[in-house]
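Enquirer: My questions concern the predicted model and sequence given below.
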Amino acid sequence: MGQNEKIGLIGLAILALSSFLWSANNAYTSFTNSVPTVGGEYREGMLGQPRFINPLLASTDTDKALVRLIFSGLYKYDAQGQIVPDLAENLPEISENQKQYTVHLRKNAKWHNDKPVTADDVIFTFKTLQDTQYNSPLRSQLQSTLAEKKDDYTITFNLKDVSGPFIHNLTVPLISQAVWKNVPPAEFALTEGNLKAVGSGPYLIRELNKLPDGQLQSIKLESFSNYYTHQPYLDTVRLMFFDNYDDILEALHGKQIQGFGFVPFDRSFFLDRNNKNLTIRDLPLPQYQAVFFNLSNKVLSDRYVRVALLYATDKEALINQAYNGNARAIAGPILPEQVNGVDNQSYYHPDEAKKLLDGAGWKVDGTTGIRTKNKTPLEFTITTNDFALNVQAAEILKGQWEKLNAKVHLSTVPTKELTETRIRPRQFDALVFAQNIGPDPDPFVFWHSSQTKNPGLNLTGFTNPTADKLINDARSTTNPEWRSNAYHAFQDLIIQESPAIFLDQSVYVYTVDKNMKGVGLQTMFDPAFRFYDLQNWYRQERRVLK
């Protein structure tokens, strides 16, 4: 065989082999699926030292996030913020009078010491947090609820009154009776069990790494092989603790950690959104910034003035200029993630604002250039704290509203003094302030007429019988459709009356390296809930037959 024939034969053989491998790969791909497999580690940076890895004592963001990894509750929130079973088999059975909730536990749930999770643990948890001797910050939520054991895996919760928001209380993570029953109240916050925690969640504590001065540098968590849904895919999770966010950001760039999160309103450092190695999510939180009008003020008691100020407020410009785009414009106190379809228009109509004031008798004085009505000038003061971003937001509002020929002053009060000197005594005209409303849309403490005086949080003094009825109707039923209808009507009423202008909704910026898969985060009601599906995050895959 000649040289050319040999080369041609070799070429044909290579072509045939390539064709075979290509076909085999196509067949392999066609008849198999890629699925997650166990392996790998995730490292996250956190701000501050953990102190209480205990569901009944946790109060800082770091403590609460660790609790959600190590412990489980009867229920938890899913990617859409809906309540779903966790240690419970299904959603609770609610009695006809809506005052009794019956919960059935999974029978395969275990603590990290391999003891079963039973009704005794549920009863012990709720009785302990209700006991004043233990000083749990959760006590006020459940002090009027009686938990009763029906059998080893069945519990009933008896309420004094019908409560639409009650089910959210059943997301409290449980503690083990066997671990904690012999710890007296005086030692409850002091025992090492608050760091060497034993839970029933997807990860267990394997290692505490301390610095020479005794501070925790990191905690190594290991996947719990007996976790009741499935063993988490990531073998280990290492949580590293830092004193400030600049150090966390440096650790991210240095690849010491693979993720972290923050609320932009609380921090002012730069996160490069063009970094191709990161996946950055903006997750809406149940917290909003608003301008609250003191309705006892002569000028701001005029509804036409308040609505005109709403029409003159360019929320998108404010968000982009003051908050660098790290927020979402909203229309009212009921947020879109809480109730589907609520009014969330911008209501930015500057020309209509001027017409509204003209029609209401607020005319521009030819001498001063300020609108007046019955010799009263359209003049008031915006008050806020000394946080730089809030000051900038107030300045932007001042500029927007002065285009209506209003005279607007700005008063900045140190953050520590704002509550004592302005909010509690209601000594302000217009207040730029944030409110955190929690996972349930119930606005009772913020907008019911019974909450106008301190310590109530109805800051504007808004009183409206229709609003009160809608609030009461919604919180006194468990029917989701009835609650939704009431909140739609309440939102419309608040926008119509405009006792406040709702500027924006906070977001939680969460960044994770791009190689992490299975992250289902879309919305959440607390940064601590970001680990709700960590057991499904993965790095490694394998192929299986379809």
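Expert: Looks like it arrived, so ask away.
Enquirer: Tell me which other helices or strands the lengthiest strand in the chain touches.
Expert: In the chain, taking DSSP state E as the definition, the longest strand is strand 278-293. Using 3 or more Cβ pairs under 8 Å, 6 or more residues apart in numbering; DSSP states H and E, the elements in contact with strand 278-293 are helix 388-402, strand 430-436, strand 500-513. For every residue, glycine as well, the C-beta is placed using N, CA and C.
Enquirer: Export those to JSON lines and append columns for mean neighbour count and mean pLDDT.
Expert: Listed next are these as JSON lines, based on neighbours: other Cβ atoms under 10 Å; pLDDT from 0 to 100:
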{"stretch": "helix 388-402", "mean neighbour count": "19", "mean pLDDT": "95"}
{"stretch": "strand 430-436", "mean neighbour count": "21", "mean pLDDT": "95"}
{"stretch": "strand 500-513", "mean neighbour count": "22", "mean pLDDT": "94"}
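Enquirer: ok, the longest strand of the chain: who's next to it in the sheet?
Expert: Here strand 278-293 has these sheet partners by DSSP bridges: strand 430-436 (antiparallel), strand 500-513 (antiparallel).
Enquirer: can you tell which of these is closest to residue 257?
Expert: strand 500-513 (9.0 Å; Cβ to Cβ).
Enquirer: need the helices and strands packed on strand 278-293 in CSV with distance to residue 352, can you?
Expert: As requested, those are exported to CSV (distance: least, Cβ to Cβ, whole Å):
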stretch, distance to residue 352
helix 388-402, 14
strand 430-436, 20
strand 500-513, 15
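Enquirer: what about the helices in the stretch 351-500 of the chain?
Expert: With DSSP state H, counting those that start in this stretch as the criterion, the stretch 351-500 of the chain has helices at 388-402, 415-418, 444-447, 465-475, 480-497.
Enquirer: With residue 274 as the reference, name the closest of those.
Expert: That would be helix 388-402 among those, by Cβ to Cβ, at 22.5 Å.
Enquirer: that older thread, out of the helices of the stretch 351-500 of the chain, nearest to residue 379?
Expert: For the helices of the stretch 351-500 of the chain, proximity to residue 379 was assessed by Cβ to Cβ; helix 388-402 is nearest, at 10.6 Å.
Enquirer: elements contacting the closest one?
Expert: Using 3+ Cβ pairs under 8 Å, 6+ apart, helix 388-402 is in contact with strand 278-293, helix 315-322, strand 379-385, strand 407-413, strand 430-436.
Enquirer: and residue 236, what is it in contact with?
Expert: Residues in contact with residue 236 (Cβ atoms under 8 Å, 6 or more residues apart in numbering) are 41, 42, 206, 220, 221, 222, 223.
Enquirer: just checking, the second one touches residue 240?
Expert: No: applying Cβ atoms under 8 Å as the test, residue 42 and residue 240 come out as separate, 11.2 Å apart.
Enquirer: Neighbour count for these two, which is higher?
Expert: Neighbour tally, residue 42 and residue 240, criterion other Cβ atoms under 10 Å: the higher count belongs to residue 42, 23 against 20.
Enquirer: Could you list which residues are in contact with residue 293?
Expert: Counting by Cβ under 8 Å, 6+ apart, residue 293 has contacts 300, 306, 429, 430, 460, 498, 499, 500, 501.
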